[in-house]
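Peer 1: give me a 3D structure for the following:
(2 chains)
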Number of protein chains: 2
Amino acid sequence: MNLNRRQFSALAGATLLSSALPNLHAEDNGRRIGYCIVGLGRISMDHFMPATKMSKQSKITGIVSGHPDKARKMAAEYGVPERSIYTYENCDQMRDNKDIDAVYIALPNNMHAEYTIRAAKAGKHVLCEKPMCTSIADAYAMIDACKQNNVKLLIAYRCQYEPTNLRAISLIREGKLGTVQAIESANGFNIRPGEWRLNKKMAGGGPLLDVGIYSLNACRYLTGEEPAEVKAYSTTIDHDGRFDQVEENTSWTMKFPSGIVASCNTTYGANMNGFYRVHGSKGTLDVQSAFGYEGQYLKAQFNDKTSLDEPNPAKDPSQFARMGDYFSNCILKNEEPKTSGEEGLRDMQWMSKIYQSCGLSL
Amino acid sequence: MNLNRRQFSALAGATLLSSALPNLHAEDNGRRIGYCIVGLGRISMDHFMPATKMSKQSKITGIVSGHPDKARKMAAEYGVPERSIYTYENCDQMRDNKDIDAVYIALPNNMHAEYTIRAAKAGKHVLCEKPMCTSIADAYAMIDACKQNNVKLLIAYRCQYEPTNLRAISLIREGKLGTVQAIESANGFNIRPGEWRLNKKMAGGGPLLDVGIYSLNACRYLTGEEPAEVKAYSTTIDHDGRFDQVEENTSWTMKFPSGIVASCNTTYGANMNGFYRVHGSKGTLDVQSAFGYEGQYLKAQFNDKTSLDEPNPAKDPSQFARMGDYFSNCILKNEEPKTSGEEGLRDMQWMSKIYQSCGLSL
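Peer 2: Numbering: from 1, shown residues only, chains lettered A, B, ... in the order given. Have a look, this model is predicted:
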């Protein structure tokens, strides 16, 4: 994280305030950031693109796709003109398209670096899905390309813009849990055969990069610290062809400089319904469905017998709207986003260390 | 565990059946096992002894204590004659006391070995609190002494006789969760200054030996496997005098031979309300208050959208009654108990390896 605790609390508070407003937006300065969608998969078509319909600061102004029919259909739905539909071959031409301010990169992990760098060279800001990329070298190259071309880079850590996760962070920073001692977290799902996520080259790794990253990132934003050390195991139980290239399970424990410990699991073999539990000297905080597109549920139990029971009524696609609008505001106000390339790089570095501890590598 | 899966399932089923009977007991053969209480602390006076009042197979027939007044008061309450009250100095004389069949050892951890061995030499069966002792050598010595003197040894793993934990084991063995992939568990409490548990010599270690042992033991009985490897961290955050001798937090990850991974935390710095969560290919099982004297709560969510929601209405001291009567039955029927000395030894060995991984030792 680039922010110190005070800055982070202020930011979290501001975002919470904004979230209380009826249309999600703290302001409407009359200008919307135009996003070119790179990759028409589920996360683009079912989540990011629909979210812009509730936005006054973000809109869809371009599409990059290898499927002309699908591209034309989506372009029609979002009012994108024919001239703003690109293929992966000619998309560098978006350099000359003034309707496009930024790209949203929702491609298999191993393509994140190439298309981030191409977009940066075309002078476009980049909102890139997590994991940032598939190697630490790529992460540095992405950061450098964005800096050199004076464009902003945001890694799509949705949860850092989601009200329940921000509430958890605030409760911890305000000292409601006292001294935090330990965190447990898990995230995973039972993967279907044939997904690109099972291809090591495309995914860069197993469930750690895809879903375990949520637990890793959460431990970092909940503590406000970088880990000091990690130790881990990776295993594969199901020899059914799905896990010929990537591992099925990864389990890791982390020690933070303050002494906080964290124990995490991730899997492609079970539907985990991601959660975290934070134990402090004054109470325990528990968030269920912590990392999903909706349904976050925060409960806390304090030593003084008081408690919190806070289901989050927010529904998808509001999380994507919050994140997209946050980035649009960063662009409009020329502010550095909190989940910048450096934030993505740090997770890449820790995931690399987790794999090293397992005798694997990114 | 000494049992294979089939034996364990049969045992778990039998215990569940017994638990459905109104007075906890499957049979009443007219003979009660007489227990001599060694150590009048909270666990004896508030839990084990009251539990015998609901029992037809166990009764209190002797007391060993360094506090004559307290001993006389408890003796009066439980109908123990003056001649069956011993001090720590003269308690070997219980050899000649035919009213005493067994001892219940509820002393600081570092005294478990000495009094187990003395009781065994006096020809008495031994029900010893967990952790079994404070060194692997002591664990072997306890097992040997009981074998040589032809008495039974049960380590007080309450949860292995408690209905909700047995239900969790049964659900897993029956395949309701499909292939188990990963487990998270935590247990701990915010310790008060001055407790003997903070004295390294008396306790043998920190929260791992006292409360983390529940998570370790649970991972073993839930999987039905011995771990293959462990990696761990220990930390101390609160430099307030409590943790001058033992660590405050321990976090560990385990890999099992099948590939199941488990991530666990334990602490003396936060009230954790011990839990475990088991993730399988067909569903997730969650037990809250898993290790307490009462209030176990099992929930499960299966991939087919069915679910379980099973609060345990059982109240303390029934757990101690179940465990005590189980041991009484083992003695009466000359059967080897499932949580024998070997079971305790295995936890000692794994806790030793966890500490080794932290650069500490038992």
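Peer 1: how far away is A:Cys133 from B:Leu171?
Peer 2: 41 Å (CB to CB, to the nearest Å). The way it works is simple: take the backbone N, C-alpha and C, and place the C-beta from them, glycine included.
Peer 1: more neighbours: the two, which one.
Peer 2: A direct count of neighbours by other CB atoms under 10 Å in any protein chain shown for A:Cys133 and B:Leu171 places A:Cys133 higher, at 28 against 20.
Peer 1: which residues touch stretch A:340-356?
Peer 2: With CB atoms under 8 Å, 6 or more residues apart in numbering or on different chains as the test, stretch A:340-356 has contacts from A:1-2, A:128, A:130-133, A:135-136, A:139-140, A:142-143, A:146, A:152-155, A:157, A:205, A:208-209, A:212-213, A:216-217, A:220, A:226-227, A:230, A:232, A:234, A:250, A:252, A:361-362.
Peer 1: let's go with 7 Å and repeat that
Peer 2: A:1-2, A:130-133, A:136, A:139-140, A:142-143, A:146, A:153-155, A:157, A:205, A:208-209, A:213, A:216-217, A:226-227, A:230, A:232, A:250, A:252, A:361-362 (CB atoms under 7 Å, 6 or more residues apart in numbering or on different chains).
Peer 1: equivalent analysis for stretch A:150-160, please.
Peer 2: By CB under 7 Å, 6+ apart, stretch A:150-160 touches A:116, A:120, A:123-130, A:132, A:142-143, A:146, A:165, A:214, A:217-218, A:221, A:291, A:319-320, A:323, A:327, A:330-331, A:337-341, A:343-344.
Peer 1: go again using 6 Å as the cut-off
Peer 2: Under the contact criterion CB atoms under 6 Å, 6 or more residues apart in numbering or on different chains, stretch A:150-160 has outside partners A:120, A:125-130, A:132, A:146, A:165, A:217, A:221, A:291, A:319, A:323, A:327, A:330-331, A:337, A:339, A:341, A:343-344.
Peer 1: mean confidence for it?
Peer 2: Computed over stretch A:150-160, the mean pLDDT rounds to 98.
Peer 1: ends of it, how far apart?
Peer 2: 24 Å (CA to CA, to the nearest Å).
Peer 1: contact residues of the stretch 51-200 of chain A facing chain B?
Peer 2: A:Thr179, A:Gln181, A:Ala182, A:Glu184, A:Ala186, A:Asn190 (CB under 6 Å from any CB of the partner chain).
Peer 1: now those residues in TSV, with secondary structure, neighbour count and distance to A:Gly241?
Peer 2: Below are those laid out as TSV (DSSP: H, G, I helix; E, B strand; the rest coil; neighbours: other CB atoms under 10 Å in any protein chain shown; distance: CB to CB, whole Å):
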residue	secondary structure	neighbour count	distance to A:Gly241
A:Thr179	coil	19	47
A:Gln181	strand	31	42
A:Ala182	strand	29	37
A:Glu184	strand	28	31
A:Ala186	strand	30	25
A:Asn190	coil	20	14
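Peer 1: what's the most distant pair in these?
Peer 2: For these, the farthest-apart pair by CB to CB is A:Thr179 and A:Asn190; their separation is 36.8 Å.
Peer 1: centre-most residue in chain A?
Peer 2: Closest to where the C-alpha atoms of chain A average out (CA atoms, centre = their mean) is A:Tyr157, at 2.2 Å.
Peer 1: now do the contacts for A:Val246.
Peer 2: A:Leu198, A:Lys200, A:Gly206.
Peer 1: highest neighbour count among those?
Peer 2: Ranking these using other CB under 10 Å puts A:Gly206 first, with 28 neighbours.
Peer 1: could you find the closest non-adjacent residue to that residue?
Peer 2: A:Val246 (3.6 Å; CB to CB, 6 or more residues apart in numbering or on different chains).
Peer 1: what does A:Gly34 give?
Peer 2: Closest to A:Gly34 by CB to CB, 6+ apart is A:Thr61, at 3.2 Å.
Peer 1: ditto for A:Arg118
Peer 2: Nearest to A:Arg118 is A:Asp92, by CB to CB, 6+ apart, at 5.8 Å.
Peer 1: checking my notes, the one you found in a helix, right?
Peer 2: Yes - assessed with DSSP: H, G, I helix; E, B strand; the rest coil, A:Asp92 lies in a helix.
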